[in-house]
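# return atomic coordinates for the entry below.
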Amino acid sequence: MEPARLQRKIYIGSFCANVLLIAVICMNRSLHEPMYIFLCSLFVNELLGSTALFPLLMVQILSDNHIVSRSFCFLQIYCGYSYGCVEFFNLAVTSYDRYLAICCPLQYNTRMTPKTVATLIAVTWLFPLLAIVVLVSLSAPLKLCGNIINKVYCGNYPVVQLACYDTRVNNIYGLIYTFISIIIPLIFIFYTYFKILKVCFSGSKQTRQKAVSTCTPHLTSLLNFSFGCTFQVLHTRFGPSGVPDMFGILLSIYFLTCQPIFTPIIYGLKMSKIRNILKQVLCVEK
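Sure, this is the predicted structure:
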């Protein structure tokens, strides 16, 4: 019972933290700026991702029954992959916003208009959700010659590996999806931060302080999520050889559970504007 209680407390804490930050951003007009709107989108994804995956995953891990129905397996694939893809797109959009604010401050208001913000949010959510529909549609009709997946939860590639016949279309689309949803956002993020660092080194002390205060939470969140996601891709694609099973299980859980917990904490503590409003909401003395 103790592990179950701990996992339940972790989920409830993550759920409450994300809901609180979403409510704070939505209810305070001073936070109705592009940066905080993108952060709100990030918190919504953490909330949906943890709610869709965390409780049922914990039930599976803690129970003696590790059998998953075919339909529930593909539901897990859709929720997990959607969560990961939307997360990377959110982080990429946030880095673009910081790039404009720090590198092009005079053009920020003309380039980051409400229409642009709405378009970026729409692309961040619609593209991943539609891309995963195609991914699952290609995998769901496959006739499987096995029923054992050596993972804590269902993944698309392990399911495709169980197929009885040629799966080249699935593999090609899977690689394209991985490239678009992970590699391209990461390249874009690294490019924007290269530009930001370039401005910081050549700018004033005030510019450097602004960059550090607004970019540190984003970079920390990115590194945390990228570590878990990269391990999952490598572990899934190239097999568990050389990696202890328990280590793989722990990192699988880390990928799905730690980001929803970590993100609201790092942004709530590091973003001074959010932190000050949270103090007022929670009636904490300064």
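# so how far is residue 136 from the most centrally placed residue in the chain?
Nearest residue to the geometric centre of the chain (Cα atoms, centre = their mean): residue 87, 2.9 Å. Separation of residue 87 from residue 136 (Cβ to Cβ, to the nearest Å) stands at 18 Å. Placement of C-beta: from N, CA and C, glycine included.
# next, count neighbours for residue 118.
Residue 118 sits with 11 neighbouring residues when counted by other Cβ atoms under 10 Å.
# next SSE downstream of the host helix or strand of it?
Using DSSP states H and E, residue 118 maps to helix 114-139. Downstream of helix 114-139, the first helix or strand assigned by DSSP H and E is helix 156-161.
# where does pLDDT dip in this protein?
Counting by pLDDT under 70, the chain shows low-confidence ranges at 1-7, 57-65, 203, 207, 210, 234-252, 255, 281-286.
# show me the helices in the stretch 1-150 of the chain, by range?
Assigned by DSSP state H, counting those that start in this stretch, the stretch 1-150 of the chain shows helices spanning 2-27, 34-62, 70-103, 108-111, 114-139.
# now, of those, which is deepest in the fold?
The highest mean neighbour count among these, using mean count of other Cβ atoms under 10 Å, belongs to helix 70-103: a mean of 21.
# got the angle for it vs helix 34-62?
Relative orientation of helix 70-103 and helix 34-62, computed by axes from the mean of the first three to the mean of the last three Cα atoms, to 10 degrees: 150 degrees.
# what's the spacing between helix 70-103 and its chain's center?
Its chain's C-alpha centre and that of helix 70-103 lie 5 Å apart, by Cα atoms, centre = their mean, to the nearest Å.
# what's the angle between it and helix 114-139?
Orientation of helix 70-103 against helix 114-139 (the same axes, to 10 degrees) gives an angle of 150 degrees.
# hang on, residue 88 packs against residue 188?
No. If you go by Cβ atoms under 8 Å, residue 88 and residue 188 don't touch, sitting 9.7 Å apart.
# what's the local residue count around residue 183?
Look at residue 183: counted by other Cβ under 10 Å, it has 12 neighbours.
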